[in-house]
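*Asks:* Next come a sequence and a model predicted from it.
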Amino acid sequence: MMAYALYAEHVLGLAPCPLCVFQRLATIVLGVIFLGAALGGAGKLRQRLNALLILMASVSGAGVAARHVWLQNLPPDQVPACGPGLDFMLDAFPLTKALQMVFTGSGECANVTWSFVGLSMPAWTLICFVVLGVSGVWANVRLSMAG
């Protein structure tokens, strides 16, 4: 997911909006958790912890992606005005205010600049978070109950 996000940014010229940045962070965290689960020891407690961490990361990413998809599907007259960039918000406002501004959304987050089979990039990341979350939790819970 991150490889394509970087390709879309640097080759296709699609700049990430603030919600895209948070989806990227969730993708990286989920990838690190999966890597840790693959390389870590195989104990029941470890596998249950992996399942919990995968669930938390995938639900967080799916929540941000769902919010993004919702913004993209608002009627044009209900789309919030474009706001400042994420870097500016983090520099100029306290973290809680900056996060509130990001999740309120802005006009640039509502733009659909890329789609595949009729689904925007946030819709695809939502699908990926759900699939990875369900499969990762299922695999770790299944392993923790075996043996």
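*Replies:* Done, it's in.

*Asks:* Name the residues of the host helix or strand of residue 23 that are buried.
*Replies:* Residue 23 is part of helix 18-39, with elements assigned from DSSP states H and E. Under the neighbour-count criterion of 16 or more other C-beta atoms under 10 Å, helix 18-39 has 18-24, 26-27, 29-30, 33-34, 37 buried. C-betas here are computed from N, CA, C, even on glycine.

*Asks:* quick one: low-confidence ranges for the protein?
*Replies:* Low-confidence segments of the chain (pLDDT under 70): 80-86, 103-107, 147.

*Asks:* what helices or strands is the helix holding residue 23 leaning on?
*Replies:* helix 2-10, helix 44-72, helix 86-92, helix 95-104, helix 107-110, helix 121-145 (3 or more C-beta pairs under 8 Å, 6 or more residues apart in numbering; DSSP states H and E).

*Asks:* before we move on, back to that, including distance to residue 5, could the buried residues of helix 18-39 go into a markdown table?
*Replies:* Formatted as a markdown table, the buried residues of helix 18-39 follow (distance: C-beta to C-beta, whole Å):
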| residue | distance to residue 5 |
| --- | --- |
| 18 | 14 |
| 19 | 12 |
| 20 | 8 |
| 21 | 10 |
| 22 | 12 |
| 23 | 8 |
| 24 | 6 |
| 26 | 11 |
| 27 | 7 |
| 29 | 14 |
| 30 | 13 |
| 33 | 18 |
| 34 | 17 |
| 37 | 22 |
